[in-house]
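Novice: task: produce atomic coordinates for the following.
(one chain, ligands or ions: 1)
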Amino acid sequence: MPDSTPSYFAPTLYRWRIQALEQALAQGADPLGVDWLLREVGGIDRLQLRLLPQASDRPLALACTLEHLDRLWRQHLDHHTPVQYLAGFTHWWRFRLQVSPAVLIPRPETELLVDWVEQWAQQQPHPPRGHWADLGTGSGSIALGLATILPQAQIHGVDCSAAALAIAQSNAQSLGLSPAIQWHHGHWFKPLENLRGQLQGIVANPPYIPTATIATLDPEVQHHEPHLALDGGQDGLDDLRHLITTAADYLQDAGVLVLEMMAGQGEAVRSLLHQQGSYRAIEICNDLSGLDRFAVAQRHQT
Ligand SMILES: C[S@@+](CC[C@H](N)C(=O)[O-])C[C@H]1O[C@@H](n2cnc3c(N)ncnc32)[C@H](O)[C@@H]1O
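Specialist: Sure thing, here's the model as predicted:
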């Protein structure tokens with residue numbers, strides 16, 4: 001915890017930043033964490049950070065002591081602990097979310113799934129009022145996004161990790177979104193059996209990394225993020241296969257399925273969706289870097 005909220009002269013902060021960046025380079029750590037800590041924990045805004053080298057001997061207020069930032073930075077360097085776990089939060093979509101090692105740190109590309117649903121909702125003749133599921137909710141990020149953009153819908157967040165669900169529930173409470181979301185503990189569709197054929201939408205960012213690839217990931221991910229959130233089996237597609245096969249039984253006619261995947265899995269996911277036989281309007285969508293990162297499909301009308 002921060003000891004106090006003191007002020008520092010800009011050159012002192014600048015020297016600390018340069019020293020921290022040099023340590024990151026020397027130890028092969030991610031240097032972006034330095035500015036993340038200064039901004040998110042220290043409360044220095046982007047402009048102040050940019051002007052740090054030119055700033056005169058004017059004191060700048062920090063939201064914590066420099067010693068506190070330095071302690072966090074050393075933990076990051078020594079153990080590769082993601083700065084978001086050290087700080088206990090991250091920013092994602094329109095939210096500040098609590099995170100812990102029980103949950104995956106939500107990634108910016110996952111925001112695109114929520115944006116896609118928002119655009120879909122805007123094209124509907126009436127505000128959607130149906131049941132929506134976020135399968136593998138983790139920190140609750142997608143469910144919270146759905147509750148925001150579909151205020152008349154009933155949102156269900158499912159995870160097989162009780163520790164993750166506790167974080168998701170706490171995030172819903174902090175954001176005042178608890179009444180819109182029901183949380184379910186269990187394996188994918190199992191807790192939603194009473195909603196068979198009734199879901200208007202299913203959104204999921206399941207584990208999709210091939211097991212052997214996990215050992216090649218950055219140490220921040222490999223040693224700190226839950227493998228339950230990462231490991232998609234031998235080809236990475238175990239959970240996507242299960243979700244694509246089973247979602248058709250749970251979606252209502254014309255219900256939508258929105259799935260995140262790993263770049264490069266687009267063609268495999270497209271053929272799984274085609275082979276299933278229950279979907280139309282199948283699309284593989286790119287992220288802002290042009291990589292195939294999510295798939296959407298609509299359940300055939302019977
Ligand atoms: C890649 S993380 C996604 C977390 C969050 N939705 C996000 O986008 O940041 C996958 C999540 O699926 C959960 N999960 C893994 N296997 C599951 C299963 N069999 N049933 C339900 N949830 C599962 C994990 O606990 C993890 O929270």
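Novice: only C-alpha atoms from now on, for both contacts and neighbour counts.
Specialist: Fine.
Novice: residues of the stretch 51-200 of the chain that sit close to the ligand?
Specialist: Applying C-alpha under 6 Å from any ligand atom, one finds that the stretch 51-200 of the chain approaches the ligand through 103-106, 110, 136-139, 141-142, 158-161, 186-188.
Novice: need the helices for the chain, in chain order.
Specialist: Assigned by DSSP state H, the helices in the chain fall at 10-27, 32-36, 46-51, 66-79, 83-87, 111-122, 141-149, 162-174, 219-222, 227-230, 238-250, 266-276.
Novice: weakest of those helices by average pLDDT?
Specialist: Lowest mean pLDDT within the helices of the chain: helix 46-51, a mean of 88.
Novice: can you give me the buried ones in that helix?
Specialist: For helix 46-51, a neighbour-count test (16 or more other C-alpha atoms under 10 Å) marks Leu49 as buried.
Novice: next one: stretch 62-78
Specialist: By neighbour count with 16+ other C-alpha under 10 Å, stretch 62-78 contains the buried residues 62-66, 68-70, 72-74, 76-77.
Novice: CA atoms only: put it into CSV for me.
Specialist: The C-alpha coordinates for stretch 62-78 follow below in CSV (Å, rounded to 0.1, in the frame of the first residue of the first chain):
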residue,chain,number,x,y,z
LEU,A,62,2.4,11.2,-7.0
ALA,A,63,-0.5,9.1,-5.7
CYS,A,64,2.1,6.9,-3.8
THR,A,65,5.7,7.1,-2.8
LEU,A,66,8.4,6.5,-5.3
GLU,A,67,9.6,3.8,-2.9
HIS,A,68,6.3,2.0,-3.3
LEU,A,69,6.6,2.2,-7.2
ASP,A,70,10.2,1.0,-6.9
ARG,A,71,9.1,-2.0,-4.7
LEU,A,72,6.5,-3.0,-7.3
TRP,A,73,9.0,-2.6,-10.2
ARG,A,74,11.5,-4.8,-8.4
GLN,A,75,8.9,-7.5,-7.9
HIS,A,76,8.1,-7.3,-11.6
LEU,A,77,11.8,-7.5,-12.6
ASP,A,78,12.7,-10.3,-10.1
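Novice: quick one: residues in contact with that stretch.
Specialist: Applying C-alpha atoms under 8 Å, 6 or more residues apart in numbering, the contact partners of stretch 62-78 are 1-8, 13, 20, 23-24, 27, 29, 34, 37-38, 41-44, 81-83, 86-87.
Novice: which of those residues are buried?
Specialist: Those of these that meet the buried threshold are 7, 13, 20, 23-24, 29, 34, 37-38, 41-42, 44, 81-83, 86-87, by 16+ other C-alpha under 10 Å.
Novice: spatially central residue for the protein, please.
Specialist: In the chain, the centroid-proximal residue (C-alpha atoms, centre = their mean) is Pro106; its distance is 1.7 Å.
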